[in-house]
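Novice: Attaching a predicted model along with its sequence, questions to come.
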Amino acid sequence: MQALLNTAIQAARRAGDSSMRYIKRLDELDVRSKSRNEFVTQVDLAAEQIIIESVHERYPDHGILGEETGRQGGDEVIWIIDPLDGTTNYIHGFPVFAVSIGIQVKGRMEVGVVYDPNRQELFTAIRGVGAQLEGRRIRVDVNRVLEGSLIGTGFPYRENDRWMEQYLNQFRAVMHVAGDVRRPGSAALDLCYLASGRMDGFWEFGLQIWDIAAGSLILCEAGGMISSMTDDGDYLETGNIIAGAPKVHAELEKLLKPFLGPTMADAANE
Ligand code: 2AM
Ligand code: CA
């Protein structure tokens, strides 16, 4: 697994550095213009290509599931890639975005890498070995409780705005108990911030597998918990997630799930 991790780290750094180079040119484009969005799509694609090339240089048979290019190649080892997580932030020059690479072997997540090119911080994990930030072991605080904690979230957008009413009620409930709430905008980094104790809990609807593949392993290897908010599949499938340090995760589950109420099954089946 160490060899896979080394390749993933190199690929993530190359991709992140590529996006950082392009961001300087983004400043020259109008924030609202369509060309800016198209430019960012090109940046995403370029970063994904860099990762795929890095993988195929060493492992030509491995499969790929990329946000931009979809599924290709073998199915024993699958690299689940988000080349630029936090695209909305990137478009605005808001410096919270990351590269996320999760490696599944025979259907199980074994390696995770999340690289933040703004802070040049590298989060990594190998199943059973633990999670690290810049080579130093990270762990969640097992004693942390919801009261007074720092909770992260993501707002429902576009196709997920059918969750809006439930979400806003959940938000109010969390605000009453937690110390404060943050919405950084990159789910991959959010999960790493839980793993390293910078936040204590997190919830969001409608994430994609490449947003959470790497971050969820990093969190679990740091002693954290992650589960699906809805009961129509596991969290990688539903993308409706509750995560956090063990006690905070349990409290969030108890607090948030009742707001989904009887509409949950309907909404999940839509
Ligand atoms: P992205 O930046 O790669 O799209 C923000 O709430 C989180 O949700 C980010 O991790 C973001 O990943 C993810 N996300 C997934 N689909 C999205 C979409 N259609 N619009 C905005 N964010 C999306
Ligand atoms: Ca993403």
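Specialist: In hand now; what should we look at? Numbering: from 1, shown residues only. Ligands and ions are numbered 1, 2, ... in the order given.
Novice: Give the closest residue to the closest residue to ligand 2 within the stretch 1-150 of the chain in space, chain neighbours not counted.
Specialist: Closest contact between the stretch 1-150 of the chain and ligand 2, by Cβ to the ion, is at residue 85 (3.8 Å). (C-beta placed from N, C-alpha, C; glycine too.) Spatial nearest neighbour of residue 85, excluding adjacent residues (Cβ to Cβ, 6 or more residues apart in numbering): residue 188 at 4.2 Å.
Novice: Likewise for residue 185?
Specialist: residue 89 (4.6 Å).
Novice: average pLDDT across the helix or strand hosting the one you found?
Specialist: Using DSSP states H and E, residue 89 sits in helix 87-92. The average pLDDT for helix 87-92 rounds to 92.
Novice: Do any residues in whichever helix or strand comes after that helix lie close to ligand 2?
Specialist: Once the chain leaves helix 87-92, the next helix or strand it forms, by DSSP H and E, is strand 98-105. No. Judged by Cβ under 5 Å from the ion, strand 98-105 makes no contact with ligand 2; its nearest approach is 6.9 Å.
Novice: Give the partner strands of strand 98-105 in its sheet and their orientations.
Specialist: Paired with strand 98-105 in the same sheet, following DSSP bridges, are strand 77-85 (antiparallel), strand 108-116 (antiparallel).
Novice: Check which residues of that strand are buried.
Specialist: Residues 98-104 are the ones in strand 98-105 that count as buried (16 or more other Cβ atoms under 10 Å).
Novice: Identify all contacting residues around that strand.
Specialist: 4, 8, 11-12, 15-16, 19, 47, 51, 76-86, 109-117, 186, 188-189, 192, 210-211, 213-217 (Cβ atoms under 8 Å, 6 or more residues apart in numbering).
Novice: Please save the CA atoms from stretch 1-20 in PDB.
Specialist: Output in PDB follows, covering the C-alpha atoms of stretch 1-20 (Å, rounded to 0.1, in the frame of the first residue of the first chain):
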ATOM      1  CA  MET A   1       0.000   0.000   0.000                       C
ATOM      2  CA  GLN A   2       2.900   2.300   0.600                       C
ATOM      3  CA  ALA A   3       3.900   2.300  -3.000                       C
ATOM      4  CA  LEU A   4       0.300   3.200  -4.000                       C
ATOM      5  CA  LEU A   5       0.300   6.000  -1.400                       C
ATOM      6  CA  ASN A   6       3.600   7.400  -2.800                       C
ATOM      7  CA  THR A   7       2.200   7.500  -6.300                       C
ATOM      8  CA  ALA A   8      -1.000   9.200  -5.000                       C
ATOM      9  CA  ILE A   9       1.000  11.800  -3.200                       C
ATOM     10  CA  GLN A  10       3.100  12.600  -6.200                       C
ATOM     11  CA  ALA A  11       0.000  12.800  -8.400                       C
ATOM     12  CA  ALA A  12      -1.900  15.000  -5.900                       C
ATOM     13  CA  ARG A  13       1.000  17.500  -5.600                       C
ATOM     14  CA  ARG A  14       1.400  17.700  -9.300                       C
ATOM     15  CA  ALA A  15      -2.300  18.300  -9.800                       C
ATOM     16  CA  GLY A  16      -2.500  20.900  -7.000                       C
ATOM     17  CA  ASP A  17       0.500  22.800  -8.300                       C
ATOM     18  CA  SER A  18      -1.100  22.900 -11.700                       C
ATOM     19  CA  SER A  19      -4.300  24.500 -10.400                       C
ATOM     20  CA  MET A  20      -2.300  27.000  -8.400                       C
END
